[in-house]
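*Asks:* this one's structure only:
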């Protein structure tokens with residue numbers, strides 16, 4: 001059942017990524033007037049591309065696969081920066097900063113959702129040293 005959920009999420013994220021990229025190209029003259037808007041949309045392309053890539057990886061390699069800094073995050077960041085750069089050069093900088101902020105929040109949500117709590121090992125309270133009187 002988890003494969004179907006990952007597959008649906010992968011397909012939906014891929015579709016949203018392509019739609020955002022094509023909308024950026026169609027409305028390029030309007031987005032180019034505000035480079036921050038181009039960077040904002042590019043950072044969302046990064047997040048949706050990372051979601052699609054991670055879900056595809058979990059379908060292929062199993063449920064326990066994780067997105068690493070290289071190659072998954074780097075490739076998706078390159079896709080987001082490239083899409084922002086095609087609109088305006090300054091959009092690349094704002095896309096990079098906003099993507100790092102988005103990545104920070106996605107990491108926090110992932111840690112809260114999927115992390116396994118560590119076992120607490122009790123520390124003995126008695127000492128083994130003998131008291132000298």
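*Replies:* Arrived safely, thanks for sending. Quick caveat: nothing in here was measured; it's all calculated off a predicted structure.

*Asks:* when you work out contacts or count neighbours from here on, use the C-alpha atoms and nothing else.
*Replies:* OK.

*Asks:* quick one: residue 39 from residue 114, how far?
*Replies:* 29 Å (CA to CA, to the nearest Å).

*Asks:* more crowded one of those two?
*Replies:* residue 39 (30 against 8; other CA atoms under 10 Å).

*Asks:* looks like the more buried one contacts residue 87 (just checking).
*Replies:* No. Between residue 39 and residue 87 there is no contact under CA atoms under 8 Å: 9.1 Å.

*Asks:* what about residue 12, how many residues close to it?
*Replies:* Counted with other CA under 10 Å, residues neighbouring residue 12 total 14.

*Asks:* now do the contacts for it.
*Replies:* Each residue near residue 12 by CA atoms under 8 Å, 6 or more residues apart in numbering is listed here: residue 52.

*Asks:* again, only this time at 10 Å
*Replies:* Listed by CA atoms under 10 Å, 6 or more residues apart in numbering, the contact set of residue 12 reads 6, 48, 51-52.

*Asks:* before we move on, what about residue 6?
*Replies:* 12, 51-52, 54-59, 63.

*Asks:* so which of those residues are in helices?
*Replies:* Using DSSP state H, the subset of these located in helices is 12, 51-52, 54-59.

*Asks:* count the neighbours of residue 126 for me.
*Replies:* Per other CA under 10 Å, the neighbour tally for residue 126 reads 6.

*Asks:* surely residue 9 touches residue 57?
*Replies:* No. Look at residue 9 against residue 57 with CA atoms under 10 Å: they stay out of range, at 11.8 Å.

*Asks:* common neighbours of these two, please.
*Replies:* With CA under 10 Å, 6+ apart, residue 9 and residue 57 have common neighbours residue 51.

*Asks:* low-confidence ranges in the chain?
*Replies:* 1-4, 127-133 (pLDDT under 70).

*Asks:* which residue ranges of it form helices?
*Replies:* 2-26, 28-31, 35-61, 74-85, 89-114.

*Asks:* could those helices go into JSON lines alongside distance to residue 123?
*Replies:* Listed next are the helices of the chain as JSON lines, based on distance: least, CA to CA, whole Å:
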{"stretch": "helix 2-26", "distance to residue 123": "39"}
{"stretch": "helix 28-31", "distance to residue 123": "60"}
{"stretch": "helix 35-61", "distance to residue 123": "38"}
{"stretch": "helix 74-85", "distance to residue 123": "42"}
{"stretch": "helix 89-114", "distance to residue 123": "27"}
